[in-house]
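[1] coordinates for the following, if possible.
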Amino acid sequence: MQYLISAIVFTTIFAQFYKFANKHRLDGLSVNAGAYLSAVIVLSLYLHIIDSPAFEAELVQIGICGGIATFITVFTFFYVVKLGKLGISWAIINLSFLFTVFVSAIWWHEHITIQKAIGLGLGVIAVVCLGKEQAAKEKQ
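    Alright, predicted model coming up:
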């Protein structure tokens, strides 16, 4: 539970850097580059001090693919933020886990329990409500 709380706290802090950058009209990609560069440095130190790294070819390939996906995600996120509100964009991006669960259920044949199904349904309702709220604000 402490790791879950820690992840929530640090995700919230991470999001505040974007809010700050957006509010002060700073280049979001530069802020993000600094954040990820810092993460690479800290992770490298962790791997060399605490854990022994295993850089097998398959892992490196997965990491490269993940890095490319992360770049595309960040690049498109900042484009969306320039067009709309950061709060709504961030909420919808965070709700993107819905698609991850759906794809995992199909691709990896993961079982969706009744609790997951209810959660996914509520997530879909949340996305629809956020979309309607955004549309109403854009009409004003």
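
[2] any regions of the protein where pLDDT drops low?
    53, 84-92, 94, 134-135, 138-140 (pLDDT under 70).

[3] could you chop it up by domain?
    Following automatic domain parsing, the chain resolves into domains at 1-84, 95-140.

[4] turn these into CSV, columns for mean neighbour count.
    Yep, even glycine has a C-beta here, placed from its N, CA and C like the rest. Formatted as CSV, those follow (neighbours: other C-beta atoms under 10 Å):
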stretch, mean neighbour count
domain 1-84, 11
domain 95-140, 11
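
[5] quick one: the helices in the chain, in order.
    2-23, 28-49, 57-83, 86-94, 97-107, 114-139 (DSSP state H).

[6] could you check the angle helix 97-107 makes with the last one?
    Orientation check (axes from the mean of the first three to the mean of the last three C-alpha atoms, to 10 degrees): helix 114-139 against helix 97-107 gives 140 degrees.

[7] going forward, count from 38.
    Noted, 38 is the first residue going forward, which turns the last one into helix 151-176.

[8] check which helices and strands helix 151-176 sits against.
    If you count contacts as 3 or more C-beta pairs under 8 Å, 6 or more residues apart in numbering; DSSP states H and E, helix 151-176 packs onto helix 123-131, helix 134-144.

[9] contacting residues around the longest one?
    Contacts of helix 134-144 with the rest of the structure, by C-beta atoms under 8 Å, 6 or more residues apart in numbering, involve 147-149, 153, 157, 160-161, 164.

[10] could I have the CA atoms of it written out in PDB?
    Provided in PDB are the C-alpha atoms of helix 134-144 (Å, rounded to 0.1, in the frame of the first residue of the first chain):
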ATOM      1  CA  PHE A 134      -5.700   3.000 -18.700                       C
ATOM      2  CA  LEU A 135      -9.200   1.900 -19.800                       C
ATOM      3  CA  PHE A 136      -7.800   1.200 -23.300                       C
ATOM      4  CA  THR A 137      -4.800  -0.600 -21.800                       C
ATOM      5  CA  VAL A 138      -7.100  -3.000 -19.800                       C
ATOM      6  CA  PHE A 139      -9.300  -3.600 -22.900                       C
ATOM      7  CA  VAL A 140      -6.300  -4.300 -25.100                       C
ATOM      8  CA  SER A 141      -4.700  -6.600 -22.400                       C
ATOM      9  CA  ALA A 142      -8.000  -8.500 -22.100                       C
ATOM     10  CA  ILE A 143      -8.000  -9.100 -25.900                       C
ATOM     11  CA  TRP A 144      -4.200  -9.500 -26.600                       C
END
